[in-house]
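Chemist: Model the following, please.
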Amino acid sequence: MKRHEEISKLNETKEWDVIVIGGGASGLGTALDAASRGYKTILVEAVDFAKGTSSRSTKLVHGGVRYLEQGNISLVREALKERGLMAQNAGHLVKNQSFVIPNYNWWGGYFYTLGLTIYDMLAGKLSLGKSQYISKKETIELLPTIERKGLVSGVIYQDGQFDDSRLAINIAQTAVEKGACLLNYTKVVGLLKDSGNQVTGVQVKNQETGEFFELKGKAVINATGVFTNSIMKLNDTIYKKYIVPSQGIHLVFDKSFLPSDHALMIPKTSDGRVLFAVPWHDKIVVGTTDTLIKSHSLEPIALEKEIDFVLETAQRFLAKKPTRADVLSVFAGLRPLAAPEKEGKSTKEVSRSHKIIVSETGLITITGGKWTTYRKIAEDIIDKAITVHHLPKKDCKTENISIHGNIKTSTVDRKNHLYIYGTDIPKILELQNQQPELKEKLHPNYDYTLAEVVWAIRHEMARTIDDVLSRRVRLLFLDAHAAIAASEKVAELLAKELGYDDAWIKIQTKEFKTIANGFLLPEFRSN
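Modeler: This is a model prediction of the structure:
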C-alpha cells in the first residue's frame, strides 16, 4: 500500500462506481465491501486512516452487555455474530478475552450470571465460552489486586479484544488488494452536483501538495464520523444536526495495577455507566466515559471531570490505588452518535445502532454504529447504494474475506510484540536481516524497532510521526513520554524514506510534541 501508486490510479478511472469519504472503521469497511463486489471504488481521508474515533476505542470486540440491559436484543445479536466473524477473519488482531465482574452484594452474582448466560445464548455457535458464577476466593485468584473489602463473589464471562487502528490499516490493505484506490491526506472540499442538484462526485485537495482535483462517481458515501455535519453543510441548503459527538476517555497504567490476563468489568459506576480495566499490549487501559461535547476536534482532550471519574472509580475497585502520577497516557475519542429525534436525551440513551440517511441529492450518509459491527454497516451501505444509484446488483462477500495479516487466533504468539503483523512478520524480520541497523529499538523500555517504522512508511502509508507512533506502532497510546523521546528517530527515518529535509524534521517533531502533550495530564506536559 504505497501512496504514490494510489495517486497514479486517479488517471486510470474517469468515473468511479463508489466514492467513500472518510477513512475510519465504517469508511474502510465500505471501501472493502464495494471493491470486493467488483465496483470501481475510491476512498479519500482528510488526515490519516483511523485518525479519529477508530483508533481511540476501548479495544473491545463485543456484543455490548449494556445494550442487553437496555433490552436492545437485535443490536446485541448482530454484534455477537460480527464479533465471531472478526475473530475468524482477523485472528492475528482479535482475541478471546475473559472478563471478571466483582460483586459487592449477595444478589449481584446471580443477577449478572443470568444476564450473561442470555448473552452467551445470543452468540449461538459463535460463543467464546460459558459465563459462570465464581466464589470470592476465585475472584481474588483471577484479579489479585481487586479491592477485597466487602467482596462477595464474581462472575466470569468471555468477550473479544483487538487493536483498533492496526485492524483499520489491515482493512485498508485488503481493500487495495481487492482493487480499491485509497488515499490518506486527501480532503474533500466540495461536492460536485449536476443541474438536477444530484451529487455526481467530489472536489478534493491533496493535503501534501496543495493540488486540487475532481473525482466523478455514481454513489458518494459520507462516512466521516464526528465530521458528518461538515460534509452535510456542503450538501444541504438548510443546516441540520445529523450527529452529536459524545466523548469517551481512557487512562493507561502499568500492568502492576492489575497483574492478570483477565479484565475487570464494573457494571455500575457512580453515574450508572460501565467501566473496564483491560490488559492491552502489556499495559492496563481503564475507561470509559460518556460526555456530550459541543464541538468536535481531531485531537480531543480529556476533561478534568472525566479524568477524576475514571481515577476515582479505579481507586474504589483496585487495592493498588492508581494516582495521576501513574497515568502513562490518556486518550480521548468522540463517538459519532446519531442525533436523537427528541432533544434532552442523555448520551447513554442515544442508540448505538447505525443509521443510513439518503439525502435528496443522492448523498448517502452513515451515522452511529460501532467498531464491532463495521462489516455489517458497510454491507448495509453498499446494499443501499445499489438500490439508490442503480448499480449492477452484486452480493456482499465480506463475511468470508480474510483480512490482510490474518492467521488463526490459536497460533498467535502474543508474547512476541510483532504478533500484530500476522503474516507480515517474516517480511519485517527480513528487513532487519538486510539492514541490521533497523534492529535498533525506538525506546529502551519497549521492543518496537526501526524496522517497524520503515515497514509502516513503505507498506502502510504512514506519512508523519503521529501516523507511526499513534496508529502503526501504538507507543503514544501506551506511554506518551516514551513516544516523545522516540519522535526524532522516527522523523529522521520518515525524512530519509520520503525525501524531506532537516527543516521538515524540525516542524514534524514540534507538531508531534504538541499532539503528544494532549496524551499527558496537564501537570506532566513537556515544553
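
Chemist: Output the contacting helices and strands for the longest helix anywhere in the chain.
Modeler: If you go by DSSP state H, the chain has its longest helix at helix 480-498. Counting contacts by 3 or more Cβ pairs under 8 Å, 6 or more residues apart in numbering; DSSP states H and E, helix 480-498 packs against helix 450-459, helix 465-466, helix 475-478, helix 502-517. All C-beta atoms are positioned from the backbone trio N, CA, C, and that covers glycine.

Chemist: Include distance to Ala302, mean neighbour count and mean pLDDT when you put the ones you listed into JSON lines, please.
Modeler: Shown next, in JSON lines, are the helices and strands packed on helix 480-498 (distance: least, Cβ to Cβ, whole Å; neighbours: other Cβ atoms under 10 Å; pLDDT from 0 to 100):
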{"stretch": "helix 450-459", "distance to Ala302": "26", "mean neighbour count": "21", "mean pLDDT": "98"}
{"stretch": "helix 465-466", "distance to Ala302": "18", "mean neighbour count": "26", "mean pLDDT": "98"}
{"stretch": "helix 475-478", "distance to Ala302": "13", "mean neighbour count": "26", "mean pLDDT": "98"}
{"stretch": "helix 502-517", "distance to Ala302": "12", "mean neighbour count": "16", "mean pLDDT": "98"}
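
Chemist: Could I get these in CSV, plus columns for distance to Ala168?
Modeler: Below are those laid out as CSV (distance: least, Cβ to Cβ, whole Å):
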stretch, distance to Ala168
helix 450-459, 13
helix 465-466, 14
helix 475-478, 13
helix 502-517, 18
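
Chemist: Figure out which of those helices is closest to Leu264.
Modeler: Set against Leu264 and scored by Cβ to Cβ, the helices and strands packed on helix 480-498 come closest in helix 475-478, at 18.6 Å.

Chemist: Tell me which residues are up against the closest one.
Modeler: 55, 252, 281, 283, 328-329, 331, 442-443, 446, 448, 466, 469-470, 482-483, 486, 515-516, 519 (Cβ atoms under 8 Å, 6 or more residues apart in numbering).

Chemist: Now do the contacts for the residue nearest to Arg324 when sequence neighbours are not counted.
Modeler: Distances taken as Cβ to Cβ, 6 or more residues apart in numbering put Leu521 closest to Arg324, at 5.5 Å, once the chain neighbours are dropped. Listed by Cβ under 8 Å, 6+ apart, the contact set of Leu521 reads Ile307, Arg324, Val327, Val330.

Chemist: ok so the last one is a strand residue?
Modeler: Yes. The assignment for Val330 (DSSP: H, G, I helix; E, B strand; the rest coil) places it in a strand.

Chemist: mind starting the numbering at 50 from now?
Modeler: Got it, the first residue is 50 from now on, which makes the last one we talked about Val379.

Chemist: Does it have any beta-bridge partners, and if so which?
Modeler: Beta bridges link Val379 to Leu300, judged by DSSP bridges.

Chemist: Contacts only, for it.
Modeler: By Cβ under 8 Å, 6+ apart, the contact list for Val379 reads Ile298, His299, Leu300, Val301, Ala351, Ile356, Phe568, Leu569, Leu570.

Chemist: Going by distance to Arg523, which of those residues wins?
Modeler: Nearest to Arg523 among these: Val301, at 10.0 Å, using Cβ to Cβ.

Chemist: Nearest spatial neighbour of the closest one, chain-adjacent residues omitted?
Modeler: Nearest to Val301 is Ser378, by Cβ to Cβ, 6+ apart, at 4.3 Å.

Chemist: Tell me how many other residues crowd the one you found.
Modeler: For Ser378, the neighbour count with other Cβ atoms under 10 Å is 24.

Chemist: Enumerate every residue touching it.
Modeler: Contact analysis of Ser378 by Cβ under 8 Å, 6+ apart lists Leu300, Val301, Leu525, Phe526, Leu527, Asp528, Ala529, Phe568, Leu569.

Chemist: Please identify which two of the residues you listed are farthest apart in space.
Modeler: Farthest-apart pair in the contacts of Ser378 is Leu300 and Leu525; separation 14.2 Å (Cβ to Cβ).

Chemist: residues contacting the spatially closest residue to Ser309 that is not a sequence neighbour?
Modeler: With sequence-adjacent residues excluded and distances taken as Cβ to Cβ, 6+ apart, Ser309 is closest to Leu192, at 5.6 Å. Taking Cβ under 8 Å, 6+ apart, we find Leu192 in contact with Val149, Pro151, Gly203, Leu307, Ser309, His311, Leu313.

Chemist: which among those residues gets closest to Tyr161?
Modeler: Nearest to Tyr161 among the contacts of Leu192: Gly203, at 9.0 Å, using Cβ to Cβ.

Chemist: Direction included, what does the host helix or strand of the closest one pair up with?
Modeler: Gly203 belongs to strand 202-210 when assigned by DSSP states H and E. Here strand 202-210 has these sheet partners by DSSP bridges: strand 109-110 (antiparallel), strand 144-152 (antiparallel), strand 181-184 (antiparallel).

Chemist: the inter-axis angle of the next helix or strand after that strand versus helix 499-508?
Modeler: The first helix or strand that comes after strand 202-210 along the chain, using DSSP H and E, is helix 213-226. If you take axes from the mean of the first three to the mean of the last three Cα atoms, to 10 degrees, helix 213-226 sits at 40 degrees to helix 499-508.

Chemist: Can you list the buried residues in helix 213-226?
Modeler: 213-225 (16 or more other Cβ atoms under 10 Å).

Chemist: Show me the two of those residues that sit farthest apart.
Modeler: Pairwise distances across the buried residues of helix 213-226 (Cβ to Cβ) peak at 19.3 Å, for the pair Asp213 and Val225.

Chemist: can I get the contacts of Val379 in a markdown table with distance to Ala128 and pLDDT?
Modeler: Shown next, in a markdown table, are the contacts of Val379 (distance: Cβ to Cβ, whole Å; pLDDT from 0 to 100):
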| residue | distance to Ala128 | pLDDT |
| --- | --- | --- |
| Ile298 | 23 | 97 |
| His299 | 20 | 98 |
| Leu300 | 25 | 98 |
| Val301 | 25 | 98 |
| Ala351 | 26 | 96 |
| Ile356 | 29 | 97 |
| Phe568 | 29 | 98 |
| Leu569 | 33 | 98 |
| Leu570 | 33 | 97 |
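
Chemist: Which single one of the residues you listed is nearest to Lys51?
Modeler: For the contacts of Val379, the minimum distance to Lys51 (Cβ to Cβ) is 28.9 Å, reached by Phe568.

Chemist: and the closest one, which of the three is it?
Modeler: Classified using three-state DSSP, Phe568 is coil.

Chemist: Just list the residues touching it, thanks.
Modeler: Counting by Cβ under 8 Å, 6+ apart, Phe568 touches Ser378, Val379, Phe380, Leu525, Phe526, Ala529, Ala532.

Chemist: in the lowest-mean-pLDDT helix or strand in the chain, what counts as buried?
Modeler: Within the chain, no helix or strand scores below helix 114-118, which has a mean of 73 by mean pLDDT, DSSP states H and E. If you call a residue buried by 16+ other Cβ under 10 Å, then helix 114-118 has these buried ones: Val114, Arg115, Tyr116, Leu117.
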